[in-house]
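>>> Just need the structure, nothing else, for what follows:
(chains A and B)
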Amino acid sequence: MIKLLSGMVLGIVLTGVLAWTQAGAMMFNEYESPFDVEETAARIQANMQALESNGWKLSGIRDPGRAVAASGGNVLPVLLVEACSTDYSKPLLKDDETRILSILMPCTVTVYKKQDGKTYIGTMNAGLMGQLFGPKVAGIMSKVAADQAKFVTFDPKKPAPPLIKVKPGGGGAGGNDIGGC
Amino acid sequence: MNTLIHSGWRAACLALCLVAAPVLAEEAAPPAVQKGASAPQEVVAKTGSSTADHGKFEELQREFASGPEVTAACLECHTEAAKQIHSTKHWTWEYQNPVTGQKLGKKNVINNFCTAVSSNQGFCSACHIGYGWKDDSFDFAAEDAVDCLVCHDTTGKYKKIPGLAGHPTYKVMEWPPKSGKFIDPPDLQKVAQNVGPTSRRSCGTCHFYGGGGNAVKHGDLDSSLNQPMRYLDVHMDAKGPNLTCSTCHVSDAHEVSGSRYNVTAADTEGARLPGQRKPGSAPTCRGCHGDAPHPTDAKLNDHTDKLACQTCHIPEFARGPLHTKMSWDWSTAGRLDENGQRIKVKNSAGRVIYDSNKGDFTYDRYAIPDYLWFNGNIEYTLFGDPVDADEVLEINRFLGGPDDSGSRIWPVKTFTGKQPIDAGLGTLAVAHTAGKDDAAYWGNYDWEKSLTVGMASVGAEYSGELGFVSTTMRWPITHMVAPKDDALRCKDCHRDHGRLAGLDGIYMPGRDRSVLLDTGGGLLALLALAGVLVHGGGRIVAHRLRRK
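The predicted model follows:
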């Protein structure tokens, strides 16, 4: 009996350790981009605009490195591309039980350079995260995940589009002096 | 609801970090170039410590029709200035390397940017410290041909335009051509009355724009250094030390110290401030920071016999808002649109990546340097040197090595190119690119005519066989010194695939392996573990035996 309980406790502990160490990495996806940071961000923007039929609108682009620079420091280039789809946000915002998920809005794709000189793309693992919040959210987030995959699929034959400088907080669908989404 | 929150709190927190950080970041986002910094140097010069107000000088109380007229007025008081300038590299564009014996300088080197000065003087001399150099007939002894204003202007209104043989425009002109933008001629009297010490801006007029544009050539010099913030350069920080170029590059009789042709790779003079060093001696980090620059970490000081300070303290170059050019492929130049017009294609950041005049370009920002051993001497591939079109040609080779006590590991920008060669002669080609004549490549897109004229300008006859060769050219990185918190860390180099992964000649713990050492160490660890187990096991067994 003691051996059985010990085994169970050990199994729980190991599972907990595994979850704790791996869960963070599972929450996000990272891809290498063949383009530089600006072009990658611009191509993601173009892909987002191409999915307007799913409600997607650009809602901002941010450079958090500029704040670091203002404080006197350096970080390698990073751009945050933001977009929002009312097709997906509305049902979440409609329901009191899921309104707190507005904290995940707008959808952000990060593009950054690493020490190896290469450009990487980071997205939230929307599919997995959605499953943590029940079937309704899972259903919506699985669609977001499918669109996210299209955001980061590039056609190298297409010329580099210009980076669209959407002003964060003031743009986006329905945005005015305060940004929409 | 609670279940929902608890089950997802971690995900939400992670997302909060993602969302909130950039929001905070954006609120504090600064302009790319510092505003509200301390007064520009020109203002300080005008109202500061100078004992002379040029606005009160009788010689300058008149209209000037040309730059040389201003120079003539300057020379009435500064009688030796032109003679001094005449002996400098800024004037001659020549440098004789005492070690390699090569005759260098802009006049002689063929680079992999715009390639060669010869036959293009009228264009290139926009960065010559003189007036009128448009061909080989230029009189290098003419005193009134010296341009005082290009270095001493403090108004920022004096600009030399490419194509005018070193002159500013004296009438309203469209610039760049066909751009629809027009520039006014400078008010030469006002400029002359407001001369002062050189500034980052005046030096940068040329040195920030080398290679055909802002941030193109060096990688560590561009217009973001006019009013830099601390992150970009701790020394030139406009709200901090606010050092100018001349703080380090002190001059004596107009000869400015420090040059990429004469680099002090390993300082043997020690702590000697700029101005106290040997005549012509280039400024160094050690000159100000001394022999033990890390007061609390002697281990870091131990590195100074192998590493240049720049290696750790300039972890990336082109850290301002501007991308620096990293490659230039001349072989694709000349493609025109369906109407036979020049094509310009921009990348997502707005920089031109294809130009019919010049070919294809690539860029980088926060570029990771390459690293190599360097003893201060650079050997060039010059016109006439043999070229193998099937091999990558080094336009310049940094000399030095791990066994050379005068060498240090330096960061460099490696600029790659593909440029024209005379395949018949087997040498780098001199192309005539700029000008309004029929042979200039920019506008006519005819290599045959361009190379015939270009090669003739250096006394060679073009064979008629056009070829292209892949090239590299390296530039020492020494500006844009980062705050110390952003210097490279031990792990950046002391690991597999670190910054110095490709550098031979030294044993680096963490990067390099010794099978003997590693095996011996592993065996020792195993023996120690075995000893502990045997000893511990023996104690347990002995204890049980005693209990029985």
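>>> what are the ranges of the helices in chain A?
Remark: helices assigned in chain A by DSSP state H are A:2-26, A:37-50, A:64-70, A:86-94, A:126-131, A:135-151.
>>> hmm, the fifth one in reach of chain B?
Yes - in terms of CB under 8 Å from any CB of the partner chain, part of helix A:126-131 sits within range of chain B, namely A:M129. Backbone N, C-alpha and C define where each C-beta goes, glycine included.
>>> Same question for the last one.
No - on the criterion CB under 8 Å from any CB, helix A:135-151 is out of touch with chain B, staying 8.5 Å away.
>>> gap between the two ends of stretch B:213-233?
21 Å (CA to CA, to the nearest Å).
>>> centre of the chain versus it, how much separation?
Averaging C-alpha positions (CA atoms, centre = their mean, to the nearest Å) puts stretch B:213-233 9 Å from its chain's average.
>>> which one of the helices of chain A is the most hemmed in?
For the helices of chain A, the stretch with the most neighbours on average is helix A:37-50, a mean of 24; neighbours defined as mean count of other CB atoms under 10 Å in any protein chain shown.
>>> Contacts for it, please.
Applying CB atoms under 8 Å, 6 or more residues apart in numbering or on different chains, the set of residues contacting helix A:37-50 from outside is A:33, A:35, A:56-58, A:61, A:77-79, A:81, A:83, A:109, A:111-113, A:119, A:121, A:150-154, A:158, A:160-164, B:347-349, B:365.
>>> same deal with stretch B:250-257?
With contacts defined as CB under 8 Å, 6+ apart, stretch B:250-257 is touched by B:80-81, B:84-85, B:87-88, B:90, B:246, B:249, B:274-275, B:277, B:279-283.
>>> Quick one: buried ones out of these?
With burial judged by 16 or more other CB atoms under 10 Å in any protein chain shown, the buried subset of those is B:81, B:84-85, B:90, B:246, B:249, B:274, B:277, B:281-283.
>>> So which of the residues you listed is the closest to chain A?
For the buried ones among the contacts of stretch B:250-257, the closest approach to chain A (CB to the nearest CB) belongs to B:P283, at 23.2 Å.
>>> where's the closest one relative to B:V412, distance?
19 Å (CB to CB, to the nearest Å).
>>> How about B:S50?
B:S50 sits 39 Å away from B:V412, taking CB to CB as the criterion.
>>> For those two, indicate the residue with more neighbours.
Between B:S50 and B:V412, counting by other CB atoms under 10 Å in any protein chain shown, B:V412 is the more crowded of the two (21 against 13).
>>> so the closest residue to the more buried one other than its chain neighbours is in which element?
In space, and not counting its chain neighbours, B:V412 is closest to B:R474: 4.4 Å by CB to CB, 6 or more residues apart in numbering or on different chains. For B:R474, the enclosing helix or strand under DSSP states H and E is strand B:466-476.
>>> could I have the helix or strand just after that strand exported to PDB, CA atoms only?
Under the assignment DSSP H and E, the closest C-terminal helix or strand after strand B:466-476 is helix B:490-493. Extracted as PDB, the C-alpha positions of helix B:490-493 are listed here (Å, rounded to 0.1, in the frame of the first residue of the first chain):
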ATOM      1  CA  CYS B 490      30.700  36.200 -20.700                       C
ATOM      2  CA  LYS B 491      28.200  33.800 -22.100                       C
ATOM      3  CA  ASP B 492      28.000  35.700 -25.400                       C
ATOM      4  CA  CYS B 493      31.400  34.300 -26.300                       C
END
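>>> how deep is B:S327 tucked in, by neighbour count?
Other residues near B:S327 number 19, with proximity taken as other CB under 10 Å.
>>> Could you give the secondary structure assignment for it?
strand (DSSP: H, G, I helix; E, B strand; the rest coil).
>>> which ones are touching the residue lying closest to B:G270 once chain neighbours are set aside?
In space, not counting the residues next to it along the chain, B:G270 is nearest to B:D291; the distance is 6.0 Å by CB to CB, 6+ apart. With contacts taken as CB under 8 Å, 6+ apart, B:D291 has the following neighbours: B:270-271, B:301, B:304.
>>> any idea how far B:D291 lies from A:L58?
When B:D291 is compared with A:L58 (using CB to CB), they lie 55 Å apart.
>>> And the average pLDDT for the longest helix that chain B contains is what?
What stands out as the longest helix in chain B, according to DSSP H, is helix B:515-547. Averaging the model's pLDDT scores along helix B:515-547 yields 94.
>>> How about stretch B:90-107?
95.
>>> List of residues touching it?
For stretch B:90-107, contacts defined as CB under 8 Å, 6+ apart pick out B:85-86, B:89, B:108, B:117-118, B:124, B:128-130, B:140, B:146, B:254, B:256, B:259, B:261-262, B:377-380, B:382.
>>> go again using 6 Å as the cut-off
Contacting residues not belonging to stretch B:90-107 are listed as B:85, B:89, B:117, B:129, B:261, B:377, B:379-380 [CB atoms under 6 Å, 6 or more residues apart in numbering or on different chains].
>>> Pull out the buried positions in it.
B:90-93, B:95, B:97, B:102, B:104-107.
>>> mind listing which of those residues are in helices?
By the criterion of DSSP H, membership of the buried residues of stretch B:90-107 in helices covers B:90-92.
>>> Show me which residues of the stretch 201-350 of chain B sit near chain A.
When proximity is defined as CB under 6 Å from any CB of the partner chain, the stretch 201-350 of chain B approaches chain A at B:230-231, B:319, B:347-349.
>>> For burial, what's the neighbour tally of B:S331?
The burial metric for B:S331, expressed as a neighbour count using other CB under 10 Å, is 16.
>>> Spit out the contact partners of the most centrally placed residue in chain B.
Most central in chain B under CA atoms, centre = their mean is B:H218, positioned 2.1 Å from the mean C-alpha point. Shown here is B:H218, whose contacts under the criterion CB under 6 Å, 6+ apart are B:W475.
>>> quick one: low-confidence parts of chain B?
B:1-48 (pLDDT under 70).
>>> Kindly present the helices of chain A as JSON lines, with separate columns for distance to B:E63 and mean pLDDT.
Listed next are those as JSON lines, based on distance: least, CB to CB, whole Å; pLDDT from 0 to 100:
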{"stretch": "helix A:2-26", "distance to B:E63": "72", "mean pLDDT": "87"}
{"stretch": "helix A:37-50", "distance to B:E63": "48", "mean pLDDT": "97"}
{"stretch": "helix A:64-70", "distance to B:E63": "45", "mean pLDDT": "95"}
{"stretch": "helix A:86-94", "distance to B:E63": "66", "mean pLDDT": "95"}
{"stretch": "helix A:126-131", "distance to B:E63": "70", "mean pLDDT": "94"}
{"stretch": "helix A:135-151", "distance to B:E63": "62", "mean pLDDT": "97"}
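>>> wouldn't B:H494 be in contact with B:G510 here?
Yes - under the criterion of CB atoms under 6 Å, B:H494 lies in contact with B:G510, with a separation of 3.2 Å.
>>> Between the two, point out the one with more neighbours.
Neighbours were counted for B:H494 and for B:G510 using other CB under 10 Å; B:H494 has more, 15 against 12.
>>> any idea how far chain A is from the more buried one?
The gap separating B:H494 from chain A is 14 Å, by CB to the nearest CB, to the nearest Å.
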